[in-house]
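Peer 1: the following comprises the amino acid sequence and a computationally predicted model.
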Amino acid sequence: MSKFNAGILGATGAVGQKFIRLLQNHPWFTITALGASERSAGKTYREAANWIEAVPMPDTVAGLSVRNCVSGEFDDVDFVFSGLDSSVATDIEKDFASAGIPVISNAKNYRTDPTVPLLIPEVNPDHIELIKKQKFTADGSGWIVTNPNCVVVPLVTSLKPLYDAFGIDAVVVTSMQAISGAGYPGVASLDILGNVVPYIGGEESKVESEPHKLLGKLNEEGILNASFPIQSTATRVPVENGHMLAVTVGLKNKASASDVIDAMKNWQSPIADLGLPSAPPFPIKIHEDERYPQPRLHADSENGMQTAVGRIRETRVLDISYIAMAHNTVRGAAGGAILNAELLVKKGYL
């Protein structure tokens, strides 16, 4: 397969840096352009970035000149990954798509657009067909695809087998979210050390809405969203990586804990045979030890791309309860967007 030239928007930020780390030695994608704010533009990446990844800055990007996030400065790329802050993403991503440069975004801005796929490849790969409805360019060369909120990824990945097998009436979820999800510099140390913050602004509404689009059905008009209530509580905990969720589910067709375990274990990923480099062989790992999953032990499983599930049990309220966890900046952010790009290559959109 020929390599694709990829740009990264928001390259100096925490998500942009994760893109850079994960794309090193990628068999299909080569980083050829980095974009950031005006104060960084014109500097080398080494000069512009406060590198926070736990590996040295790759030499392949250290000497690259940082560009303004303007489509006219990215004429040497096949597509861009966007790690932009939501405060600027709307106009910048539209500029790139309108210039015929596909955008694979981690930002929230276009997730609710009815023509923009909100994508978890193992859950709703068929939703990429929405790209054909986008009107950024007359010839369809420019488009936007998004990945979900970092809590929604393990939530929906774990719900998908249950939704298919039993149907869902209601979901209650409490997230215990790692500090890396707040970006850099993130949460002040005096707020989080030895503490739990029981509210994350803007988070709960995304967790309560995005699963409906992800689990929706594609038809000629677009996506017919799933319809069941979700009650979300989002908390910040003093963990570096890995968002943990306590999930309770009401099922349309009643099932035992063993039925649910079987449904998750027997669930077949629809992209299993595509040979996508970032796809975990087992998207869901069921842990039988009641102490698991734990962020420190399991966030990096399958290169950070696996959703870990444990403590599956029947409940007195609703039907089934379990714990889910995934690496928030890999599976829930940059790694998820890279997997989206790989799927788009295989399906002929890149």
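Peer 2: Yes, it's here. Numbering: from 1, shown residues only.

Peer 1: who's in contact with Arg238?
Peer 2: Check again: residue 238 is Pro, not Arg. Contact analysis of Pro238 by CB atoms under 8 Å, 6 or more residues apart in numbering lists 179, 192-196. Glycine gets a C-beta too; all of them are placed from N, C-alpha and C.

Peer 1: that one: which element?
Peer 2: Following DSSP states H and E, one finds Pro238 outside all helices and strands.

Peer 1: determine which two of the contacts of Pro238 are furthest apart.
Peer 2: Spatially, the most separated pair among the contacts of Pro238 is Ile179 and Gly194, at 12.8 Å (CB to CB).

Peer 1: neighbour count winner among those two?
Peer 2: Ile179 (21 against 7; other CB atoms under 10 Å).

Peer 1: let me see the ranges of the helices in this structure.
Peer 2: Shown for the chain, the helices assigned by DSSP state H span residues 14-23, 45-48, 59-62, 86-98, 152-165, 189-192, 203-214, 257-266, 295-298, 301-304, 335-346.

Peer 1: looking at those helices, which is nearest to Asp273?
Peer 2: Smallest distance to Asp273 across the helices of the chain (CB to CB): 10.3 Å, for helix 335-346.

Peer 1: what does that closest one rub up against?
Peer 2: With contacts defined as CB under 8 Å, 6+ apart, helix 335-346 is touched by 1, 4, 6, 18-19, 22-23, 26, 28-29, 79, 81, 102, 104-106, 119-121, 125, 128, 145, 147-148, 153, 271, 274-279, 303-305, 327, 329-330, 350.

Peer 1: ok, back up a step: now tabulate the helices of the chain in CSV and tack on distance to Ser37.
Peer 2: Formatted as CSV, the helices of the chain follow (distance: least, CB to CB, whole Å):
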stretch, distance to Ser37
helix 14-23, 11
helix 45-48, 9
helix 59-62, 17
helix 86-98, 8
helix 152-165, 27
helix 189-192, 25
helix 203-214, 25
helix 257-266, 43
helix 295-298, 31
helix 301-304, 27
helix 335-346, 20
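
Peer 1: and the ones you listed as CSV, adding mean pLDDT and mean neighbour count?
Peer 2: Shown next, in CSV, are the helices of the chain (pLDDT from 0 to 100; neighbours: other CB atoms under 10 Å):
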stretch, mean pLDDT, mean neighbour count
helix 14-23, 97, 24
helix 45-48, 97, 18
helix 59-62, 96, 15
helix 86-98, 97, 18
helix 152-165, 98, 24
helix 189-192, 97, 12
helix 203-214, 98, 21
helix 257-266, 97, 16
helix 295-298, 98, 17
helix 301-304, 97, 20
helix 335-346, 98, 24
